[in-house]
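> Structure for this input, please:
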Amino acid sequence: MTPAVPPDPGDRVRVVMTKWRDGPHWEFTATYLGRDHHGDWLGIPAGTRMSRPGATYVAPTDQVGLAPAPGPDDERGWLATFHAAAGPVRVYVDITTPPVWDGPVLRAVDLDLDVVRGNTGRVWVDDEDEFADHRVALHYPDELARAALASCERVHAAVAAEAAPYDGTAEAWLTRLGSLRRG
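You can find the predicted model right below:
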């Protein structure tokens, strides 16, 4: 689900991820870049501070985030991040509940699984052990666990095949972010 009126390009937005049952997780501020048929694009410039309880991460390179476009919830259980050259990875996709806009705040529940494309092109699923542990410890409903696994499988296949939007589409948005920073 996306807002009836999305933020305007250049607006500051907040990304708030939680764990199941409203446990705090990663939060950070980004810049709304715009929307295309893939979804809503967010600019995350180098130096952006991301925090969660007990950890802080400072983005070493520019990144753009993508929240999926409106559509069936069973196809929207992810948030993708695309890193500029020299980033720690090229693509990092969090498997989540379908992201929702709450005014200028994008909210999703992180469901542990991540699909990653490294700088060498290798694609893998990360944190399967965390998902298995949290599935029991946090009492993921069976329907939620099935949705997360199905989303992970779909995203993994798309990233591995370099299907859109994992086909270089993000480069134009990284350029747009760079233009905003210089402008």
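> Specify the helix with the largest residue count in this protein.
Ranked by number of residues, the top helix in the chain under DSSP state H is helix 142-160.
> That one: which residues count as buried?
The neighbour-count check on helix 142-160 (16 or more other Cβ atoms under 10 Å) flags Leu144, Ala147, Ala148, Leu149, Ser151, Cys152, Arg154, Val155, His156, Ala158, Val159 as buried. Where C-beta positions appear, they are placed from N, C-alpha and C, glycine not excepted.
> same thing with stretch 81-92?
Quick answer for stretch 81-92 (16+ other Cβ under 10 Å): Thr81, Phe82, His83, Ala84, Gly87, Val89, Arg90, Val91, Tyr92.
> next one: stretch 131-145
Phe131, His134, Arg135, Tyr140, Leu144.
> swap in stretch 50-58?
Quick answer for stretch 50-58 (16+ other Cβ under 10 Å): Met50, Arg52.
> What's the end-to-end length of it?
6 Å (Cα to Cα, to the nearest Å).
> picking that back up, I'd like to know which elements the helix or strand that the longest helix of the chain is followed by is packed against.
The first helix or strand that comes after helix 142-160 along the chain, using DSSP states H and E, is helix 170-182. Using 3 or more Cβ pairs under 8 Å, 6 or more residues apart in numbering; DSSP states H and E, the elements in contact with helix 170-182 are strand 23-36, strand 39-44, strand 63-68, strand 78-83.
> want to throw those into CSV with distance to Val16 and mean pLDDT?
Below are the helices and strands packed on helix 170-182 laid out as CSV (distance: least, Cβ to Cβ, whole Å; pLDDT from 0 to 100):
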stretch, distance to Val16, mean pLDDT
strand 23-36, 5, 96
strand 39-44, 13, 98
strand 63-68, 12, 97
strand 78-83, 11, 98
